[in-house]
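1. With the sequence up front, the predicted model follows.
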There are 2 protein chains.
Amino acid sequence: MAESTKQPGGTSRNAPSNGAKGRLISRGDSPAGQPDTRTRLLEAAGPVFAAHGFDGATVREICAAAEVNVAAVGYHFGDKLGLYREVIRGIRDHRERRFPTPNNDAADPRRSLYRIVRTLLSRMLACDESGWETQLLMREMNHPTPVFESMVREFFRPQFERLVEVLRELTQADLPAHRLQQLALSVVGQCLYYRMGSGVVQVLIPHSELRAHFDIDSLSRHITSVMLAATEGGTASSQYDQLDPDQINW
Amino acid sequence: MAESTKQPGGTSRNAPSNGAKGRLISRGDSPAGQPDTRTRLLEAAGPVFAAHGFDGATVREICAAAEVNVAAVGYHFGDKLGLYREVIRGIRDHRERRFPTPNNDAADPRRSLYRIVRTLLSRMLACDESGWETQLLMREMNHPTPVFESMVREFFRPQFERLVEVLRELTQADLPAHRLQQLALSVVGQCLYYRMGSGVVQVLIPHSELRAHFDIDSLSRHITSVMLAATEGGTASSQYDQLDPDQINW
DNA sequence: GGCCGTTTAAAACAATTGTTTGAATCGCGG
DNA sequence: CCGCGATTCAAACAATTGTTTTAAACGGCC
């Protein structure tokens, strides 16, 4: 089984050694019209993976959407998983450009909180061409693969830690770490639910109300106000301690 | 293709007419030892469907777990989807018995809120034999099938409306409907996140903290206190209006 | 015991999956 | 124009899928 002269990089795993290609157009649009086969595959694979998941998506559907032969994925990415990895990597790069993480506002931590909430919601509810990205991330979140753990570490953790810092500024009292983490998770949970449970929300909330009062603006203000009420005035700690098992039991 | 004398209910779709069976044991354990083939299939199918989803699960794996021939699912349930429907129906019945929806506490709406939160969290984080049920519900939530919409209507909507009523009692001011709905969704979102994003949480929160401060008790108190702070004292409306685009802009 | 409907078993079926193959095509350097 | 590597194509491959088929075993009833 001597890997003869057919495929650059060997017939087993690798993509073609893209350093030296026949055509000089390095990787992207061809001047004629349609993009490169490789990029056409990448662009077509994203929505399909988002719609059906990694296992559910078929390379034939992807290749049909890309108008490309089924053997192309094997040639350019080694196998289906190689294509998937590349799609995930592309998402990670694109989102940071599309919705940059907001800077801290040293003057008013309330603004910082609002910005974080709004950025989170914007990323969740984006309905433009990056809508499938969130869908795919949600899929990874529910059925994590080895790809996802590193993504959480590199992508979610920095935002989470900044959120914790903002909440620390907002709560004058010196709350222990786990209380701040709980508050941060409350923020993230509220934001994510409007994406994750969007199907549930659409059934529970009448359509007219939904369009009028459940846009990014309204929801950002709502979630921010909830968290401000929970953090400001020192009520965060007092309310928490009031809820002892003696007072509330059944 | 005259459906001869082989299978009760026809070879195309139906399950065997279970009204008249050969054995008198009506449907369940056989006195000898192992349960009925049908129930053995039902019990084995739940975890497998939860682990791999409807498409991902294979009837062969299910039948192997149930120690049953592959043809049994076709005989007892018509096809794979028939088995799935029956599993979903079983979940719906079992959960209402396992975690009954708490009654309203007319005296103190704060107690009612706490009970609802705790019930929600208990259902989410249940790690006992009903753990796969939540897992399967989550799967349906993220990739809804025709089965799920009716479940939202019959199962989630009543709880949601009661939650709205409790929140209405908690907010003295007469808030519009969409504000109460937003608050209710904030409750649900915070509760669900600890299940949905459990993978994320496990990466973000150190393991020691997680076991010490992120159990059902602590989280119930935390979420309840957040929502009480957001609703009590009339701050719900005032905070919301303070957040106008003029004050917080970027 | 012998019959008969109910249930189970092993095997086979058609369809679809990801992947590979070997030839045809493209595009440039000689 | 020819050659040659990079790329694309149609076809086939082996594996797995849900489902069906055919025959055998079970168990009560005469």
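-> Good, I have the coordinates.
2. so where's chain A uncertain?
-> A:1-33, A:105-106, A:233-250 (pLDDT under 70).
3. Which residue ranges of it form helices?
-> A:37-56, A:59-66, A:71-77, A:80-98, A:109-125, A:131-142, A:146-151, A:157-170, A:177-196, A:198-204, A:207-213, A:216-231, A:235-242 (DSSP state H).
4. from the chain's centre, how far out does the third one sit?
-> Think helix A:71-77. Between the centre of helix A:71-77 and the centre of its chain there are 26 Å (CA atoms, centre = their mean, to the nearest Å).
5. what helices or strands is that helix leaning on?
-> helix A:37-56, helix A:59-66, helix A:80-98 (3 or more CB pairs under 8 Å, 6 or more residues apart in numbering or on different chains; DSSP states H and E). (Glycine included, C-beta is placed from N, CA and C.)
6. which outside residues touch the last one?
-> In other words, helix A:80-98. A:13, A:15, A:41-42, A:45-46, A:49, A:54, A:59, A:62, A:73, A:76-77, A:123, A:126, A:130, A:133, A:136-137, A:140, A:147, A:151, A:154-155 (CB atoms under 8 Å, 6 or more residues apart in numbering or on different chains).
7. Just the buried positions in that helix, please.
-> A:80, A:82-84, A:86-88, A:90-91, A:95 (16 or more other CB atoms under 10 Å in any protein chain shown).
8. same thing with the first one?
-> Neighbour-count burial for helix A:37-56, counted by 16+ other CB under 10 Å, picks out A:37-42, A:44-50, A:52-54.
9. In those, find the pair that's most separated.
-> A:Thr37 and A:Gly53 (24.1 Å; CB to CB).
10. Identify the residues contacting the residue of chain A found nearest DNA strand D.
-> Nearest residue of chain A to DNA strand D (CB to the nearest atom of the strand) works out as A:Thr37 at 3.0 Å. Neighbouring residues of A:Thr37 by CB under 8 Å, 6+ apart: A:66, A:68, A:72, A:76.
11. was I right about A:Leu180 contacting A:Val164?
-> Yes - with contact defined as CB atoms under 8 Å, A:Leu180 counts as touching A:Val164 (4.9 Å).
12. Looking at these two, which one has more neighbours?
-> A:Leu180 (20 against 17; other CB atoms under 10 Å in any protein chain shown).
13. Contact partners for the more buried one?
-> A:164, A:167-168, A:171.
14. Please repeat the previous calculation with a cut-off of 10 Å.
-> A:163-168, A:170-171, A:231, A:236 (CB atoms under 10 Å, 6 or more residues apart in numbering or on different chains).
15. With A:Val166 instead?
-> A:104-105, A:109-116, A:180, A:183-184, A:187, A:227, A:231.
16. Out of these, who's the most crowded?
-> A:Met227 (30 neighbours).
17. so which of the helices and strands packed on helix A:71-77 gets nearest A:Ser220?
-> helix A:80-98 (17.4 Å).
18. what about the closest one, distance to the chain center?
-> Worked out by CA atoms, centre = their mean, helix A:80-98 lies 10 Å from the chain centre.
19. That helix vs DNA strand D: in contact?
-> No - counting by CB under 7 Å from any atom of the strand, DNA strand D has no neighbours in helix A:80-98; the shortest distance is 13.2 Å.
20. so that helix versus helix A:37-56, what angle?
-> 110 degrees (axes from the mean of the first three to the mean of the last three CA atoms, to 10 degrees).
21. Helix A:80-98 near DNA strand C anywhere?
-> Yes - interface with DNA strand C: helix A:80-98 contributes A:80-81 (CB under 7 Å from any atom of the strand).
22. what angle separates that helix from helix A:109-125?
-> Using the same axes, to 10 degrees: helix A:80-98 against helix A:109-125 is 140 degrees.
23. Could you figure out how far helix A:80-98 is turned away from helix A:59-66?
-> 50 degrees.
24. Export only the CA atoms of helix A:80-98, formatted as CSV.
-> Extracted in CSV, the C-alpha atoms of helix A:80-98 (Å, rounded to 0.1, in the frame of the first residue of the first chain):
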residue,chain,number,x,y,z
LYS,A,80,-15.2,14.3,8.1
LEU,A,81,-13.8,15.1,11.5
GLY,A,82,-11.0,17.1,10.0
LEU,A,83,-13.6,19.3,8.2
TYR,A,84,-15.5,19.6,11.5
ARG,A,85,-12.4,20.8,13.4
GLU,A,86,-11.7,23.4,10.8
VAL,A,87,-15.3,24.7,11.0
ILE,A,88,-15.1,25.0,14.7
ARG,A,89,-11.8,26.8,14.5
GLY,A,90,-13.4,29.2,12.0
ILE,A,91,-16.3,30.0,14.3
ARG,A,92,-14.0,30.8,17.2
ASP,A,93,-12.0,33.3,15.1
HIS,A,94,-15.0,34.9,13.5
ARG,A,95,-17.0,35.5,16.6
GLU,A,96,-14.3,37.4,18.3
ARG,A,97,-14.2,39.8,15.4
ARG,A,98,-18.0,40.0,14.9
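25. Next, count neighbours for A:Pro176.
-> 11.
26. so it touches B:His213, yeah?
-> Yes - using CB atoms under 10 Å, A:Pro176 is in contact with B:His213, at 8.2 Å.
27. Identify the contacts common to these two.
-> A:Gln182.
28. re the thing from before, save the contacts of A:Thr37 as JSON lines, and put in neighbour count and distance to B:Pro100 too.
-> Below are those laid out as JSON lines (neighbours: other CB atoms under 10 Å in any protein chain shown; distance: CB to CB, whole Å):
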{"residue": "A:Ala66", "neighbour count": "22", "distance to B:Pro100": "52"}
{"residue": "A:Val68", "neighbour count": "19", "distance to B:Pro100": "55"}
{"residue": "A:Ala72", "neighbour count": "18", "distance to B:Pro100": "56"}
{"residue": "A:His76", "neighbour count": "21", "distance to B:Pro100": "56"}
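29. of all the residues you listed, which comes closest to DNA strand C?
-> The nearest one, if we look at those relative to DNA strand C and count by CB to the nearest atom of the strand, is A:Ala72, at 8.6 Å.
30. so who does that closest one touch?
-> A:Ala72 neighbours (CB under 10 Å, 6+ apart): A:37-38, A:40-41, A:59, A:62-63, A:66, A:83.
31. Return the closest of those residues with respect to DNA strand C.
-> Of the contacts of A:Ala72, the one sitting nearest to DNA strand C (CB to the nearest atom of the strand) turns out to be A:Val59, at 4.2 Å.
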